[in-house]
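**Student:** What shape does this take:
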Amino acid sequence: MDEPLLSPGTSERQPLHVVMVDPKVSNRSSRFAQELILTIVFTIAIGLLWLMGATVLQKYIGSLGGIGTSGVGSSSSYAPKELNKEIMPENVN
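**Tutor:** Below is the predicted model of the structure:
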């Protein structure tokens, strides 16, 4: 760089910008295939994380005794209670 760049972009000796390209990677079809595979793998990973999170959340809600698939049939707190009139206080007006 002995001479100053007074007007870049006017010739090949003084380019406006330089793009470094690896000749092995410059093949468009292999790059597209790589991007497609990475997109598919990323989508599958996000889906698996979503399913695992939903399963953990469902188990957590079920363990709290809330409305969950595991707690509905086995929980006795949702059974209707019978009213015993002998224990109930009478209304005095």
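
**Student:** Can you pull the phi/psi pair for residue 45?
**Tutor:** Main-chain dihedrals, residue 45, degrees, to the nearest 10: phi -60, psi -40.

**Student:** Measure how buried it is and give me the count.
**Tutor:** Residue 45 sits with 10 neighbouring residues when counted by other CB atoms under 10 Å. Bear in mind the C-beta positions are built from the backbone N, C-alpha and C, glycine included.

**Student:** Residue 63 now?
**Tutor:** 11.

**Student:** gap between it and residue 34?
**Tutor:** Remark: distance between residue 63 and residue 34 (CB to CB, to the nearest Å) = 43 Å.

**Student:** Also residue 60?
**Tutor:** Taking CB to CB as the criterion, residue 60 is separated from residue 34 by 39 Å.

**Student:** do residue 57 as well
**Tutor:** 35 Å.

**Student:** ok, now residue 51?
**Tutor:** In this structure, residue 51 lies at 26 Å from residue 34, with CB to CB as the measure.

**Student:** Kindly report the same for residue 45.
**Tutor:** Summarising the geometry, the distance separating residue 45 from residue 34, computed by CB to CB, is 16 Å.

**Student:** what does residue 55 give?
**Tutor:** Using CB to CB, one obtains 32 Å as the distance from residue 55 to residue 34.

**Student:** Check residue 7 too.
**Tutor:** In terms of CB to CB, residue 7 sits 39 Å off from residue 34.

**Student:** now residue 20, what's its secondary structure?
**Tutor:** At residue 20, secondary structure determined by DSSP: H, G, I helix; E, B strand; the rest coil is coil.
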